[in-house]
Each structure stands twice: as C-alpha cells, then as structure tokens.
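1. Give me the fold of what follows.
(chains A, B, C and D)
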There are 4 protein chains.
Amino acid sequence: MPATKRAEAQTHRHVHRSGKDNIARRLSRIEGQVRGLNKMVEEDRYCVDILTQIAAVRSALDAVALQLLRGHAHGCVQDAIRSGHGDPAIDELLAVVEKFAR
Amino acid sequence: MPATKRAEAQTHRHVHRSGKDNIARRLSRIEGQVRGLNKMVEEDRYCVDILTQIAAVRSALDAVALQLLRGHAHGCVQDAIRSGHGDPAIDELLAVVEKFAR
Amino acid sequence: MPATKRAEAQTHRHVHRSGKDNIARRLSRIEGQVRGLNKMVEEDRYCVDILTQIAAVRSALDAVALQLLRGHAHGCVQDAIRSGHGDPAIDELLAVVEKFAR
Amino acid sequence: MPATKRAEAQTHRHVHRSGKDNIARRLSRIEGQVRGLNKMVEEDRYCVDILTQIAAVRSALDAVALQLLRGHAHGCVQDAIRSGHGDPAIDELLAVVEKFAR
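-> Below you'll find the predicted structure:
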C-alpha cells in the first residue's frame, strides 16, 4: 500500500473497542503461555509435552490473526473498495494471508 | 507413549544444557514480541502491521519447535530405538509432527 | 453465501480467459506430477524422494489456489462490495482462506 | 544422506506391499480429483467451489505423505538407527518434515 493510502487508512480506528479488549485479553493469555513454555524448559520437562504446548500457542495466535483479519477485511478493505481504491487494499490483504498459508 | 515408558524416558535430561539456554533465550524474546503485539493493539496500530508481526512470532515459535524436535529425535527417540522400544517413541514423534503440519 | 447471492455471482465469468488458460495448464502439469508419484511408488522408489515430490505438488497446488484467490478477491468480492452486499462475500472469502491456513 | 548410505537404504523394499497398494489407490484418486479441478475451471465453475476442492486435494495429499512418513520412520529410520548410523537418517527425516510444516 502506498504511504498516502496507508496514512489515510490509519485515520480511522482499526480495531473496534469491544474486539480490541477481546484481542488484548487473548494476547495476554498467549504471553502467559509463552512464559509457561520457558518454565517447562527450565524444569526440564519432557520435550513432547513442550512441543504439544507450543502447538497450542500457535493455534491461539492463529485464532487472534484470523479475528484481526476478519475485522480488517470487513472494515478497512471494504471501505477502501467503496471509496474506489480497493485493488491495493486487496493486494495487501492477500500478501498477509500468504504469510499465514505458508 | 505408555506411562511406564514415559517415566523411563523422563529419567534422562531432555534438553541439553547449551541447547536449553538457547531455547530459553528464544522463548524470552518471543514473550517480549507477544507483549509488543499487545502494545500495538493498545496503540491502535494498523491491522496489517499487527498481522505481519503475528506471522513473525509464529515463525519464531516454529523455529523453536523444530530445534526441540531435532533434539528429541536424535536423543530420546534414538535411545528408545536402541533399547528396543522404538515403535511407541516413533508414533509419539509423528503425532507431534502432525500437530505442526496442520 | 445465500443461494440467491450465489446464483447472482455465478452470472458473470469467474476466471478470466487468459488466467483460465494459465490455470488449466498448471493443473494439467500437477495431474502429470501426481501420475508421476504413482509411478515412483510402483517402482519402489526411496520414500524420502516420494515425500519431497509430494511437497512439490502441494506447493504447486497452493500457487494455483493463490492465483484463483487473487482473481476472486479482485473480481467477485470487489463487485459484491460495490453493489452493497460485501459482508457475505468477505465471510465466504475468509472461510476459504481458513481452509488453507490450517 | 550420503550416496553410499542411500544406496544401502535402497536395497530393501521401501513401501510394504499392502501399504503400497493402498497408497497407489489413494494417488489414483487424487489424480482423478486434479483432473476434476481442471474440468471445473473449464466449465467456469464458481472460484470458491474450486478453491474448496483444491483444499480437499491438498488434505488427501497430506494424508498420503503422513502414511509414507510413518512407514519410513518405522522402517528405514529405525533400521538405520539399529545399524548404528541413525543421525543422518534422522536429519533426512526432519528435513522432509520441515518441507510440510511450512
């Protein structure tokens, strides 16, 4: 997205209030899970248990990403399309989707 | 893995000292990155920037998982095979791999 | 997407002519690669070589999916948003993205 | 895996007879599904339906890969470990796993 478009997109709220609290809560929980992983390593816990827990953290992160993606598509991307510059917004959306599909 | 096999596997060190420090360091960095994500949400940063950063955290977690997996396969799994009960250790390894291949 | 919306969306061409030929060509190549996999199994080739080739087929399929996704987002989804029923089109897009991010 | 080790590994059967038939049958079905995808494109079917079908083919391929991986780990890798050269076999296994975890 060119800098001007981007600045423009940044003038409105990206994450709606209620969704924002929910996402902040989920990220705090994920932060605690990562701290827990470090403790598991410190206590020399069984590798497979640590790996299983890493997979859980990864799923939790993916769920947050999906919620953000949903808000972004219904919000910013839809607004951009309505105001006639949808193509760069769609390309940007797909570029970020690709980062997760790898 | 049955409980007895598991207890047995747990008698030796799972994560070698040097690898352990390295993994602990990486997990601390990831914990900081997740805290940074929460700050980005709080500051109402652009969704796509948050999503890009979530993808980076996910890659960092995957790299830690791969390092643990490598240590586990060369250590515990190889030991299990040598002492004649490799099959459950291999099944357990593949089950955890499957969690990441999704 | 509700059936009426879907019927409506299906009145216009989904895959543009040039893109269509390109996608057909890529799918034909993938079909040949899968046939090649079967031959590798028949000839009792080394498992790791077969697995490496399966990973290549998977990447080729993902690339086709991404191209279709791109065309769909810039075409159908953008049209739906412009004509005022963007939300179901966006939900449908994200549902299909989720199938690949797993 | 060094060439000599590889040649050695290639002296025994990689895919057991029964598993081989099963895998060949699954790959034939996947080949048919890819041919079906091409037909969907030709008939100008709705992109989202094509994408959903591509995701199904991808899952079917992953299931075949997992079955091969399982046979390889219990067979070749276990044999390699027992005959004292497990480390390169494990590295090779993890390298192929990594291709799928992306």
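2. For the rest of this, base every contact and every neighbour count on C-alpha atoms.
-> OK.
3. Please name the nearest non-neighbouring residue to whichever residue of chain A sits closest to chain C.
-> Closest approach between chain A and chain C, counting by Cα to the nearest Cα: A:Ala101, at 4.4 Å. In space, and not counting its chain neighbours, A:Ala101 is closest to C:Ala101: 4.4 Å by Cα to Cα, 6 or more residues apart in numbering or on different chains.
4. pretty sure the one you found is in contact with A:Leu66, am I right?
-> No: assessed by Cα atoms under 8 Å, C:Ala101 is found out of contact with A:Leu66, at 9.6 Å.
5. Count the neighbours of the residue of chain A closest to chain C for me.
-> 15 (other Cα atoms under 10 Å in any protein chain shown).
6. Ok, A:Leu94 next?
-> 16.
7. so which strand or helix has it?
-> helix A:86-101 (DSSP states H and E).
8. For that helix, buried residues please.
-> A:86-91, A:93-94, A:96-98, A:100 (16 or more other Cα atoms under 10 Å in any protein chain shown).
9. what's the answer for stretch A:49-60, then?
-> A:50-60.
10. can you narrow those to ones near chain D?
-> When Cα under 8 Å from any Cα of the partner chain is applied, no member of the buried residues of stretch A:49-60 is adjacent to chain D.
11. just those now: which is nearest chain D?
-> A:Ala55 (11.6 Å).
12. From what I see, that closest one and B:Val97 are in contact.
-> No: taking contacts as Cα under 8 Å, A:Ala55 lies outside contact range of B:Val97: 9.6 Å.
13. A:Ala80 and D:Glu98, how far apart?
-> 38 Å (Cα to Cα, to the nearest Å).
14. Provide the contact partners of stretch A:56-76 at residue level.
-> Here stretch A:56-76 makes contact (Cα atoms under 8 Å, 6 or more residues apart in numbering or on different chains) with A:9, A:14-15, A:23, A:26-27, A:30, A:33-34, A:89, A:93, B:47-48, B:51, B:54, B:58, B:61, C:87, C:90-91, C:94, C:98.
15. near chain B too, which of the buried residues of helix A:86-101?
-> A:93, A:96, A:100.
16. Enumerate every residue touching the last one.
-> Residues counted as contacts of A:Phe100 (Cα under 8 Å, 6+ apart) are B:55, C:101.
17. For it, give me the pLDDT.
-> For A:Phe100, the model assigns a pLDDT of 84.
18. residues near A:Glu43, how many?
-> Neighbours around A:Glu43, by other Cα under 10 Å: 9.
19. backbone phi and psi for it, please?
-> phi -80, psi 10 (degrees, to the nearest 10).
20. Could you measure from it over to chain D?
-> Distance, A:Glu43 to chain D, by Cα to the nearest Cα, to the nearest Å: 26 Å.
21. Where does the prediction get shaky in chain A?
-> A:1-18, A:102 (pLDDT under 70).
22. show me where it has helices.
-> Remark: helices assigned in chain A by DSSP state H are A:3-9, A:17-42, A:47-72, A:78-82, A:86-101.
23. I'd like the distance from the last one to the chain centre, please.
-> So the one you mean is helix A:86-101. What separates the centre of helix A:86-101 from the centre of its chain is 13 Å, taken as Cα atoms, centre = their mean, to the nearest Å.
24. Helix B:47-72 and that one, what's the angle between them?
-> 20 degrees (axes from the mean of the first three to the mean of the last three Cα atoms, to 10 degrees).
25. Check whether stretch A:80-94 comes near chain D.
-> No: residues of stretch A:80-94 are not located near chain D by Cα under 8 Å from any Cα, the shortest gap being 14.7 Å.
26. Pick out the residue nearest the middle of chain A.
-> With distances taken as Cα atoms, centre = their mean, the residue of chain A nearest its centroid is A:Ala65 (2.7 Å).
27. And it, how close does it get to A:Ser59?
-> Applying Cα to Cα to A:Ala65 and A:Ser59 gives a distance of 10 Å.
28. Count the residues that sit near A:Asn38.
-> A:Asn38, neighbours per other Cα under 10 Å, totals 21.
29. contacting residues around it?
-> A:Asn38 neighbours (Cα under 8 Å, 6+ apart): B:24, B:27-28.
30. out of the residues you listed, which is most surrounded?
-> That'd be B:Leu27 among the contacts of A:Asn38, by other Cα under 10 Å, with 22 neighbours.
31. Once you drop chain neighbours, what's closest to it?
-> That would be A:Asn38: by Cα to Cα, 6+ apart, it lies 6.1 Å from B:Leu27.
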